[in-house]
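Asker: Kindly generate the corresponding structure for this input.
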Amino acid sequence: MFANYLIGLREGLEASLVVCILVAYLVKTDNRKALPAIWIGVGIAVTVSLAFGAGLQFGTQELTFEAQELIGGSLSIVAVGLVTWMVFWMRRTARHLKAELHGKLDAALSLGTGALVATAFLAVGREGIETSLFVWRSVDAADDGWRPLAGCLLGLLTAVVMGWLFYRGALRINLSKFFQWTGGMLVVVAAGVLAYGMHDLQEARFVGGLGDKAFDISDSYPPDTWHATLLKGIFNFQPDPTVLQVTVWALYLIPTLVLFLAPVGFPASALGRKEQKASHEQGESAGSGGGSDGGPGPDRERMRDGARGAGDRPGGDEVRGGTGP
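Answerer: Below is the predicted model:
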């Protein structure tokens, strides 16, 4: 239940923040007449997400056991891929999300009502589809489906309330830290879903190794205890996983968490330092041969004088947009 609450909270808060940014921008720019188009887009996105979840739940009931397991395992892999992409996307673009949405909204306003509806639908619908797919996978794996569903609904309700409080200015939290912590926990949840999906593929006889158990503690593992329920709900833990399940779980979880927790932009900054060092060495090499006495040549002197002049001007270190000062 907690894992699905986290999914509903995380995905719902993203959607709520997107809606808040869109609505606040329209109000601020005196475009209140465009607000109904935003709400229509949000309503369509919610309807499509619910229909997608219902189709997954009821559309597979008439299939054979092997077909159900094959579909369930395949969609587990898809769900893990979507969630992984989502947490890395939010980690990379959270700082610029507001500006990005404002740009899309300006373009939509110039195109008309249909573009506004599409903007809101695409912004919210992605989170809705991901939530439906991930929660359906959890409901299908659980012994009693109402707990994962209730957890997701509570998470979505919490997200809607938080979004409203954000809009009213009554709630302020560090969103960067929030998405970092919840993203890390979702990676752990996704690892369990991936392992369970591989088990489904093994039961569908699409992948072999069903009889190769990594360990088996079924005889000493009471499934009705609170800690067993917690492990099952958060990590999709099984008392008798196969070797393939454990291998896939470790191969996904360890490198994904390492990449997710690494500082943003670290590789790019390291590459930038290398390029800067190479450019500096090349400049020194060119400068050493520019003068007759081995000193810096006239071009290097002009560059140094220009740099000193730029530093003497007020605001010389400020990076500005536009085409000129």
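
Asker: For Lys104, list the residues it contacts.
Answerer: Thr119 (C-beta atoms under 8 Å, 6 or more residues apart in numbering). Where C-beta positions appear, they are placed from N, C-alpha and C, glycine not excepted.

Asker: try 10 Å this time
Answerer: Residues near Lys104 by C-beta atoms under 10 Å, 6 or more residues apart in numbering: Leu22, Ala115, Leu116, Ala118, Thr119, Leu122, Ala123.

Asker: After the host helix or strand of the second one, which helix or strand is next?
Answerer: It stands for Ala115. Using DSSP states H and E, Ala115 falls within helix 113-141. Using DSSP H and E, the helix or strand that follows helix 113-141 towards the C-terminus is helix 146-168.

Asker: ok, Thr119 touching Leu109?
Answerer: Yes - counting by C-beta atoms under 10 Å, Thr119 touches Leu109, with 9.3 Å between them.

Asker: before we move on, back to that, give me the angle between the helix holding Ala115 and helix 146-168.
Answerer: 150 degrees (axes from the mean of the first three to the mean of the last three C-alpha atoms, to 10 degrees).

Asker: number of nearby residues for the nearest residue to Glu100 once chain neighbours are set aside?
Answerer: Take Glu100 and drop its neighbours on the chain: the residue closest to it by C-beta to C-beta, 6 or more residues apart in numbering is Thr93, 6.8 Å away. Thr93 is flanked by 11 other residues according to other C-beta atoms under 10 Å.

Asker: same check, this time on His96
Answerer: 10.

Asker: what's the spacing between it and Ile21?
Answerer: For His96, the distance to Ile21 equals 12 Å [C-beta to C-beta, to the nearest Å].

Asker: likewise Gln61?
Answerer: 40 Å.

Asker: Which residue of those two possesses the greater neighbour count?
Answerer: Ile21 (20 against 7).

Asker: Looking at Thr119 and Leu109 now, which is surrounded by more residues?
Answerer: Thr119 (22 against 18).

Asker: of the contacts of Lys104, buried ones?
Answerer: Leu22, Ala115, Leu116, Ala118, Thr119, Ala123 (16 or more other C-beta atoms under 10 Å).

Asker: Name the nearest of the residues you listed relative to Ala262.
Answerer: Set against Ala262, the nearest of the buried ones among the contacts of Lys104 by C-beta to C-beta is Ala123 (27.6 Å).

Asker: hmm, back to that, who touches both of Thr119 and Leu109?
Answerer: Ala37.

Asker: Any stretches of the stretch 201-325 of the chain with poor pLDDT?
Answerer: Within the stretch 201-325 of the chain, the segments meeting pLDDT under 70 span 226, 229, 233-234, 264-325.

Asker: 90 instead?
Answerer: 204-205, 208-211, 216-239, 261-325 (pLDDT under 90).
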